[in-house]
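Peer 1: need a 3D model of the sequence below.
(2 chains)
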Amino acid sequence: MSDRLDQVLREDARVALDDAGFAARVMRALPPALPRHSWLKPVLLLGATALGSLLAALFLPAGSIAVVQGFVDLAQHRVMTPAAMAALGMGLALAISSIVLAAETD
Amino acid sequence: MGDRIAEGKVAASDADLILAVLDRDDREAFAELVRRHQSKIRTVLRRLTGGDAAFADDLAQDTFVLAWRNLKNFRFEARFSTWLYRIAFNAWQSEVRKRRELLLENADEVAALDETAFDEMPDVASRVDLERAIATLSDGERAAIAACYYADLSHEEAAQALGMPVGTVKTHVLRAKAKLRARLGRKETPR
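Peer 2: Just a heads-up that it's a prediction; the model follows:
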């Protein structure tokens, strides 16, 4: 009994609408494709981190741990000086950032 | 070569096409998804908008653009069409809210309708009459009919897509069918 109405509704639902340019209209409305530079984000992030570290090292007040000196110490195989440890810490932070970025799938 | 790629897209499943869009930003794959689902989405929206084809097509376009933007959130747990319907219903509901067209339910009116009339004269109900009759339903009733009949969703899926309890969907469907039967039947009653 109610099934005549069900049938009418289902028949109406089955009537296919012709595309008539609709898909093309949708495609024109999509946002433009962005260039996919997979290297850009890590380079920007690591670059910003390195630049920040460099500026921090250059503007350290006199008498505090000089990170540049730390790299000099490391180059001379003197690992246990405070400056060398600071430089190692900075290097470690950069390495962790790199690993996190490399693990990102986005 | 180009034709072969196009044929491959036509043969591909929705999931393959979605992965092509996600992996390679493949717009031709998305175009195939649009071609594949446009008819159902536009039909549902035409019924929701009371037969306003231009408005329905604008909403359908918004639906596909939103689908494109949010495709990375599609979880492959539901059918792609169900996910699209959900976006379409949301687009329609938000537009209706904007236009302040939400109608109050009128339960008393339903009781007064003759529910048997349509079944007695079933054969002459044309699609135009049906479209007009659906347009007279309340927003909730129209949404429930569109979801359950035109989008072919179960009551549970419809409830999820429309953001209303399953019981409300069932009530809306019952009321809507009673009204449609009465309206279509009344129209065809011999003079």
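
Peer 1: find the residue at the geometric middle of chain A.
Peer 2: Nearest to the mean C-alpha position of chain A, by Cα atoms, centre = their mean, lies A:K41 at 4.9 Å.

Peer 1: and residue 81, how many neighbours does it have?
Peer 2: In the absence of a named chain, chain A is used. Residues near A:T81, counting by other Cβ atoms under 10 Å in any protein chain shown, number 16. C-betas here are computed from N, CA, C, even on glycine.

Peer 1: looking at chain B here, not the other one
Peer 2: 17.

Peer 1: what's the answer for B:D26, then?
Peer 2: Applying other Cβ under 10 Å, we find 16 residues neighbouring B:D26.

Peer 1: got it, and A:R14?
Peer 2: Neighbours of A:R14 (other Cβ under 10 Å): 12.

Peer 1: skipping adjacent residues, who's closest to the residue nearest to the centre of chain A in space?
Peer 2: Leaving aside its chain neighbours, A:K41 sits nearest to A:L101 (7.3 Å; criterion: Cβ to Cβ, 6 or more residues apart in numbering or on different chains).

Peer 1: so that neighbour touches A:W39, yeah?
Peer 2: No: A:L101 is beyond contact range of A:W39, at 10.3 Å (criterion: Cβ atoms under 8 Å).

Peer 1: who has more neighbours out of those two?
Peer 2: Ranked by neighbour count (other Cβ under 10 Å), A:L101 and A:W39 place A:L101 first, with 13 against 7.

Peer 1: the more buried one is in what secondary structure piece?
Peer 2: helix A:82-103 (DSSP states H and E).

Peer 1: which strands or helices does that helix pack on?
Peer 2: helix A:40-58, helix A:67-75 (3 or more Cβ pairs under 8 Å, 6 or more residues apart in numbering or on different chains; DSSP states H and E).

Peer 1: and the longest one with helix A:82-103, angle?
Peer 2: Following axes from the mean of the first three to the mean of the last three Cα atoms, to 10 degrees, one obtains 170 degrees for the angle between helix A:40-58 and helix A:82-103.
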